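# would you be able to build a 3D model of this:
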Amino acid sequence: MKISVRNLEPTKVKLTITVDPEELDPFLDKARKEIAKQVNVPGFRKGHVPGKIIDQRIGFAAVAGEAVNDAVPELYSKALEEKQIHPMDQPEFDVQEVPQSAKDETKLKFTATVERRPDFELPEIDGMEIAIAKPEVKDEDVEKRLEALRQRFGTLVGVDRPATKGDFANIDLSAEINGEVVDSQEGVSYELGSNTMLDGLDEALDGLSAGEETTFEGTLEAGEHEGEKAQVKVKVNSVKAEELPELNDEFASEASEFDTLDELKADIRKAAGQDAEGRQATEARDAFIAKLQEGLEIPVPKGVKAKMVEEQLKGMTPDPEKATDEQKAEAEKNVEKDLRDQMVLDALAQKLDVKVSQADVFNFLASIAQQYGMDPNAFIQAIIKNGQLGSAVQEVGRSKGLLAGMRAVKFTADGEVVDLSAFLGEAAEDEESESVEAASAAAAVADELSKSDEDKPADAE
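So this is what the prediction gives:
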């Protein structure tokens with residue numbers, strides 16, 4: 001197989017692959033056998049028709065077509081491996097030459113154009129030291145958590161006064177466009193100041209008492225008339241204020257397992273400290289990835305970026321085509337960061353020679369399924385059928401590479417070494433626990449997939 005590579009862009013290449021006849025022959029033989037299973041030829045048992053007869057009866061062109069469909073993706077993968085090209089997207093194939101008969105010496109020739117991970121050199125992580133902030137728990141953090149707990153035990157009490165920020169108003173709403181009612185709601189409970197409904201509603205309600213109403217102009221945010229201006233009439237049915245319990249030992253015993261308020265505060269401070277350590281671990285991760293990218297110019301694949309930006313905009317606005325310049329800029333910024341982080345972690349996994357086993361992948365997918373309350377076997381089977389297994393392998397490789405890299409780095413805070421083992425684990429322990437959990441998941445998946453030979457992918461073993 002002859003492979004030539006032409007760089008179209010820093011992140012895009014075109015491979016031209018010419019296949020020797022002996023490399024195509026196995027695919028031709030396989031195609032003949034598959035066709036033989038589907039046709040009836042007098043004098044031969046189904047599935048036992050000689051290849052020459054298949055060529056004569058069905059035509060070599062049909063055989064070659066089946067063979068090329070199988071050969072091109074497999075030979076493309078071999079070419080990527082040989083040339084150390086790391087694709088970021090699906091390729092565009094163009095079959096240029098195909099032999100027209102069994103004796104035709106024309107070689108199969110095709111091109112594959114694909115966006116790829118650009119070349120860059122990661123720094124050595126041995127001896128790398130990264131400074132991060134020390135976790136800190138302030139009194140205000142404790143008070144904020146205590147206040148949130150207090151609000152959970154609060155009650156709403158009716159008040160005979162105008163509504164103000166923080167009050168809960170029971171309201172009726174009616175929206176009109178050109179004098180026609182296009183939407184209405186009754187008995188809606190709304191917290192003033194929350195700004196969770198129509199723009200202008202908070203200002204309209206402020207100062208209204210029960211039984212009073214007003215009209216304001218607002219932009220509808222859902223429904224058939226989304227984005228249109230409407231005259232909104234709002235009526236206040238009742239006003240209630242939140243009444244919070246006093247902070248004392250009685251509250252502590254009612255709201256928790258502790259008998260005194262001091263004990264409750266101590267427990268809240270402990271929980272806040274654990275959360276602060278978690279945030280420190282996240283900061284360490286981000287600092288590590290940033291350190292790997294320091295001084296590197298890493299271009300992102302344009303096509304992949306465009307697809308990801310479109311997906312992000314779908315999550316930011318109902319109609320991506322109407323996205324604002326600010327939304328587009330934010331989406332592009334997020335996507336570029338995500339892509340660079342992914343490429344750096346892929347390169348790190350390669351540099352550290354990270355191995356991803358089937359058990360690793362099945363364990364990873366099973367954990368995702370459990371997070372969403374899905375059956376792990378059905379979820380993994382769907383991933384395989386949808387051709388997303390490769391993405392899962394990549395994700396596991398990135399995760400393992402990130403953990404391995406961070407274990408090799410010294411993190412410090414105020415000159416002291418930070419112990420992140422609670423979050424990073426120990427390599428040997430991780431592998432042992434993963435092997436036990438993943439073996440169980442893999443066995444379950446294998447059992448599920450073996451129920452149907454038709455559905456079982458050839459590379460599932």
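
# can you get me a residue count around the residue nearest to Pro50 when sequence neighbours are not counted?
Spatial nearest neighbour of Pro50, excluding adjacent residues (Cβ to Cβ, 6 or more residues apart in numbering): Phe44 at 7.6 Å. No exception for glycine: its C-beta is placed from N, CA and C like everyone else's. Applying other Cβ atoms under 10 Å, we find 15 other residues in the vicinity of Phe44.

# now Gln151
Gln151 is flanked by 11 other residues according to other Cβ under 10 Å.

# and the one 5 residues further on, by the same measure?
Summarising burial for Leu156: neighbours were counted as other Cβ under 10 Å, giving 14.

# now the one 10 residues further on
Taking other Cβ under 10 Å as the neighbour definition, Gly166 ends up with a count of 11.

# nearest residue to it other than its sequence neighbours?
On the basis of Cβ to Cβ, 6+ apart, the spatially nearest residue to Gly166 that is not a chain neighbour turns out to be Gly193, at 6.0 Å.

# pretty sure Phe110 is touching Glu92, no?
No: in this structure, Phe110 is not within contact of Glu92 by Cβ atoms under 8 Å, at 10.7 Å.

# the more surrounded of these two?
Neighbour totals were compared for Phe110 and Glu92, and Phe110 leads with 20 against 12 (other Cβ under 10 Å).

# wasn't the more buried one part of a strand?
Yes: the assignment for Phe110, made by DSSP: H, G, I helix; E, B strand; the rest coil, places it in a strand.

# write down the beta-bridge partners of it, one by one.
Phe110 has these beta-bridge partners by DSSP bridges: Ile17, Val95.

# from Gln371, how far out is it?
When Cβ to Cβ, to the nearest Å is the yardstick, Phe110 and Gln371 sit 41 Å from each other.

# then Thr219?
To Gln371, Thr219 is 36 Å away according to Cβ to Cβ.

# what of Leu261?
Relative to Gln371, and taking Cβ to Cβ, Leu261 is found at 36 Å.

# which one of these two is surrounded by more residues?
Per other Cβ under 10 Å, whichever of Leu261 and Gln371 has more neighbours is Leu261, with 19 against 8.

# find the nearest non-adjacent residue to the more buried one, please.
For Leu261, the nearest residue in space outside its immediate sequence neighbours is Ala252; the separation is 4.5 Å by Cβ to Cβ, 6+ apart.

# could you do Glu226 as well?
In space, not counting the residues next to it along the chain, Glu226 is nearest to Leu220; the distance is 5.7 Å by Cβ to Cβ, 6+ apart.

# repeat that for Glu9.
Using Cβ to Cβ, 6+ apart and skipping residues adjacent in sequence, the residue nearest Glu9 is Lys302, 7.4 Å away.

# now do the SS call for Thr215.
Secondary structure, three-state DSSP: Thr215 is strand.

# close enough to count as contact, it and Ala230?
No: with contact defined as Cβ under 8 Å, Thr215 and Ala230 do not form a contacting pair (10.3 Å).

# same question for the helix or strand hosting Ser77, mean pLDDT?
Taking DSSP states H and E as the criterion, the element that holds Ser77 is helix 60-83. Predicted confidence along helix 60-83 averages 93 (mean pLDDT).

# for the residue most central in space within the chain, what are its contacts?
With distances taken as Cα atoms, centre = their mean, Glu395 lies nearest the centre of the chain, 9.5 Å away. Residues touching Glu395, when contacts are defined by Cβ atoms under 8 Å, 6 or more residues apart in numbering, comprise Phe364.

# angles on the backbone of it, please.
Glu395 adopts backbone torsions of phi -60, psi -40, taken as degrees, to the nearest 10.

# all helices for the stretch 351-461 of the chain, in order.
Secondary structure of the stretch 351-461 of the chain by DSSP state H, counting those that start in this stretch: the helices cover 358-371, 376-385, 389-407, 421-424, 427-449.

# could you check the pLDDT of Ser101?
Each residue has a pLDDT score; the one for Ser101 is 88.

# er, Arg57 actually
The predicted local distance difference test score for Arg57 is 74.

# what separates it from Val41, distance-wise?
For Arg57, the distance to Val41 equals 6 Å [Cβ to Cβ].

# what is in contact with the two at once?
Val49.

# surely Gln100 meets Ala62?
No: taking contacts as Cβ under 8 Å, Gln100 lies outside contact range of Ala62: 11.9 Å.

# the two: who's more crowded?
Comparing Gln100 with Ala62 by neighbour count (other Cβ under 10 Å), the higher total belongs to Ala62, at 15 against 11.

# which secondary structure element contains the closest residue to that one other than its chain neighbours?
Nearest residue to Ala62 in three dimensions, chain neighbours excluded: Ile35, at 7.1 Å (Cβ to Cβ, 6+ apart). Assigned by DSSP H and E, Ile35 falls within helix 21-36.

# next one: that helix to chain centre, how far?
Relative to the centre of its chain, helix 21-36 is centred 39 Å away, using Cα atoms, centre = their mean, to the nearest Å.

# any idea how far Ile383 is from Pro87?
19 Å.

# counting by contacts, list what the helix ranked longest in the chain packs against.
Using DSSP state H, we find that the single longest helix of the chain is helix 261-293. Counting contacts by 3 or more Cβ pairs under 8 Å, 6 or more residues apart in numbering; DSSP states H and E, the secondary-structure elements packed against helix 261-293 are strand 129-131, helix 139-152, helix 249-255, helix 325-351, helix 389-407, strand 410-413, helix 421-424.

# same thing but 7 Å
If you count contacts as 3 or more Cβ pairs under 7 Å, 6 or more residues apart in numbering; DSSP states H and E, helix 261-293 packs onto strand 129-131, helix 139-152, helix 249-255, helix 325-351, helix 389-407.

# output the ones you listed as a markdown table; include the columns distance to Ala210.
Written out in a markdown table, the entries for the helices and strands packed on helix 261-293 read as follows (distance: least, Cβ to Cβ, whole Å):
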| stretch | distance to Ala210 |
| --- | --- |
| strand 129-131 | 58 |
| helix 139-152 | 23 |
| helix 249-255 | 30 |
| helix 325-351 | 40 |
| helix 389-407 | 55 |
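
# among those, which is nearest Asp202?
When these are ranked by proximity to Asp202, the top entry is helix 139-152, at 19.4 Å, counting by Cβ to Cβ.

# wait, Asp346 sits on Arg116?
No: Asp346 is beyond contact range of Arg116, at 11.3 Å (criterion: Cβ atoms under 7 Å).

# coming back round to it: pull the residues that contact the helix holding Ile35.
Contacts with helix 21-36, where a contact means Cβ atoms under 7 Å, 6 or more residues apart in numbering, come from 1, 47-49, 51, 54, 58, 63-64, 66-67, 70-71, 105, 107-108.

# starting at the chain centroid, how far to the next helix or strand after it?
Heading C-terminal from helix 21-36, the first helix or strand you meet, by DSSP H and E, is helix 51-57. Here the centre of helix 51-57 is set off from its chain's centre by 49 Å, with Cα atoms, centre = their mean.

# what helices or strands is helix 51-57 leaning on?
Packing contacts for helix 51-57, counted by 3+ Cβ pairs under 7 Å, 6+ apart, involve helix 21-36.

# where does pLDDT dip in this protein?
In the predicted model of the chain, residues 43, 45, 47, 51, 426-461 satisfy pLDDT under 70.
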